[in-house]
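Need coordinates for the below:
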Amino acid sequence: MTIRVLVVDDQMMVREGFSVLLNAMDGIEVVGEAVDGREAIAQVAALRPDVVLMDIRMPVMNGLEATREIVAADTDAKVLVLTTFDLDEYVYQALRAGASGFLLKDASARQLADGVRVVASGEALLAPTVTKRLILEFSKLSTPPKLADPAGVGELTERETEVLVLIAQGLSNAEIADRLIVAESTIKTHVSRILVKLGLRDRTQAAVFAYETRLVTPA
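Residues are numbered from 1 along each chain as shown. Below is the predicted model:
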């Protein structure tokens, strides 16, 4: 199936550049563009994209607010944030708002396409080394008190808690299966149960939850 993408950025050259790169990739089609968060919300409702490439700093409505509204609307669209290193704090807020991952704006065409495919498949964009490192940095920006019994954690089994910690460390299902010496299908089942029990949208939200409840702490 073709992955339908909406590109959101207030700079025309950026929008057109990403659109050209993605349209040249097999199985990916840019179905629309938006110049700010408000237009992005309208385009998501009208076009029903699978993935939204979302800039953060935009006029009228920024990417953080737009991401919250898109996620709150319970659409199937996954938000993939576009950022630069000087926007770390905003990216972490975007992940908390419900974004499924992020890419640096200087990503190669292949990295961009791979990122879109990963997020569209329902996986968290946490695997690349740079992403794992940045996730750790973002987690340091949030300092909520450690909770004695964070909501939902008590419902997890010991194995589910173990899997959640490994998700937060950036491991894929296959890597977790190898680590725990079980079948990958078993890990997929654990992940699904974790998301349901915690009321989370995807693996990225599970990772953020693990950091914020201090099940995992930055190394």
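
pLDDT score assigned to A127?
Looking at A127, its pLDDT reads 42.

same question, the one 3 residues further on
Confidence per residue is given as pLDDT, and for V130 that number is 44.

do the same with R4
For R4, the pLDDT comes out at 95.

The host helix or strand of it packs against which elements?
Assigned by DSSP states H and E, R4 belongs to strand 3-8. In this structure, strand 3-8 packs against helix 12-23, strand 28-34, helix 37-47, strand 51-54, helix 109-120, with contacts taken as 3 or more Cβ pairs under 8 Å, 6 or more residues apart in numbering; DSSP states H and E. (C-beta placed from N, C-alpha, C; glycine too.)

Show me the shaky parts of this protein.
85-89, 91, 123-152, 217-219 (pLDDT under 70).

That one: helices as residue ranges?
For the chain, the helices defined by DSSP state H occupy 12-23, 37-47, 63-72, 88-97, 109-120, 129-141, 158-168, 173-180, 184-198, 203-212.

Pull out the buried residues from the second one.
Right, the one you point to is helix 37-47. Residues of helix 37-47 classed as buried: G37, R38, E39, A40, I41, Q43, V44 (neighbour count, 16 or more other Cβ atoms under 10 Å).

just to revisit the earlier point, can you tell which of the helices of the chain is closest to M54?
Nearest to M54, of all the helices of the chain, is helix 63-72, at 4.6 Å by Cβ to Cβ.

angle of the closest one against helix 203-212?
Between helix 63-72 and helix 203-212, the angle comes out at 110 degrees (axes from the mean of the first three to the mean of the last three Cα atoms, to 10 degrees).

follow-up on the earlier one: so which of the helices of the chain is nearest K78?
helix 109-120 (4.6 Å).

can I get the CA coordinates of the closest one in CSV?
Below are the C-alpha coordinates for helix 109-120, written out as CSV (Å, rounded to 0.1, in the frame of the first residue of the first chain):
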residue,chain,number,x,y,z
ALA,A,109,16.5,11.2,1.2
ARG,A,110,16.9,7.6,2.3
GLN,A,111,16.7,8.5,6.0
LEU,A,112,13.6,10.6,5.3
ALA,A,113,11.8,7.8,3.4
ASP,A,114,12.9,5.1,6.0
GLY,A,115,11.6,7.4,8.8
VAL,A,116,8.2,7.7,7.1
ARG,A,117,7.9,4.0,6.5
VAL,A,118,8.9,3.2,10.1
VAL,A,119,6.3,5.6,11.6
ALA,A,120,3.6,4.5,9.1
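
So what touches that helix?
Helix 109-120 has contacts (Cβ atoms under 8 Å, 6 or more residues apart in numbering) with 3, 5, 18, 21-22, 24-25, 27-28, 50-51, 53, 78, 80, 100-101, 103, 107, 124-125, 127-128.

and if you look at stretch 186-203?
So stretch 186-203 is contacted by 71, 78, 98, 100, 122-124, 126, 152-153, 155-156, 159-160, 163-164, 167, 173, 176-177, 180, 205-206, 209 (Cβ under 8 Å, 6+ apart).
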